[in-house]
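J.: let me see the structure of the following:
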Amino acid sequence: MWSPIAATSVRRKENCSKRGGFLAVPPRLRIGLAMASTRSGQIVVIFASQRTTADSAGYREASSDMEALAAVQPGYAGMISARGDDGYGITVSYWDDEESARAWRHHPEHSIIRDRGRSVWYDHYQLDVAHISRCYDWKKHG
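T.: Next comes the predicted model:
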């Protein structure tokens, strides 16, 4: 089972805060942390998956490509992703509205990679889509 302590990679772009700067994340885990305005009203897509051991290099490349492609889609508002040593991972993407999230789901390149994931990279996954009604964060000072 995944745990924050066992996570081998964490990508986090934007959070609830209106403050600028980086969160206190070890440099080896920090990839593009940026603060954003509130997430209230956004759509969140939560993708929890169990990886197989097949084609790790292909998976890493596709994951990186999809992250870059999602980031330039209309309505994209950020992403947080972590995967444990056991292969269990969670990726949370944020979208301005339902139409943007749905458009990403139907993007032709994303569809091709999703099919590859089902046939090679994932043992199983679950996807939840929700509306964010409230958002807050906390940061330890000192």
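
J.: pretty sure Met79 is in a helix, no?
T.: No: according to DSSP: H, G, I helix; E, B strand; the rest coil, Met79 belongs to no helix; its state is strand.

J.: was I right about it contacting Gln73?
T.: No: assessed by CB atoms under 8 Å, Met79 is found out of contact with Gln73, at 11.3 Å. To be clear about C-beta, it is placed using only N, CA and C from the backbone, and glycine gets the same treatment.

J.: looking at the two, which one has more neighbours?
T.: Comparing Met79 with Gln73 by neighbour count (other CB atoms under 10 Å), the higher total belongs to Met79, at 20 against 15.

J.: who does the more buried one form a beta bridge with?
T.: Counting by DSSP bridges, Met79 is bridged to Lys13, Ser93.

J.: please tell me how far it sits from Ile113.
T.: Met79 sits 15 Å away from Ile113 when distances are taken as CB to CB, to the nearest Å.

J.: surely Asp128 is within a helix?
T.: No: counting by three-state DSSP, Asp128 is not part of a helix but strand.

J.: excluding sequence neighbours, find me the nearest residue to it.
T.: Ile46 (4.5 Å; CB to CB, 6 or more residues apart in numbering).

J.: and the pLDDT at the one you found?
T.: Note on Ile46: pLDDT of 98.

J.: which helix or strand contains it?
T.: For Ile46, the element it lies in under DSSP states H and E is strand 43-51.
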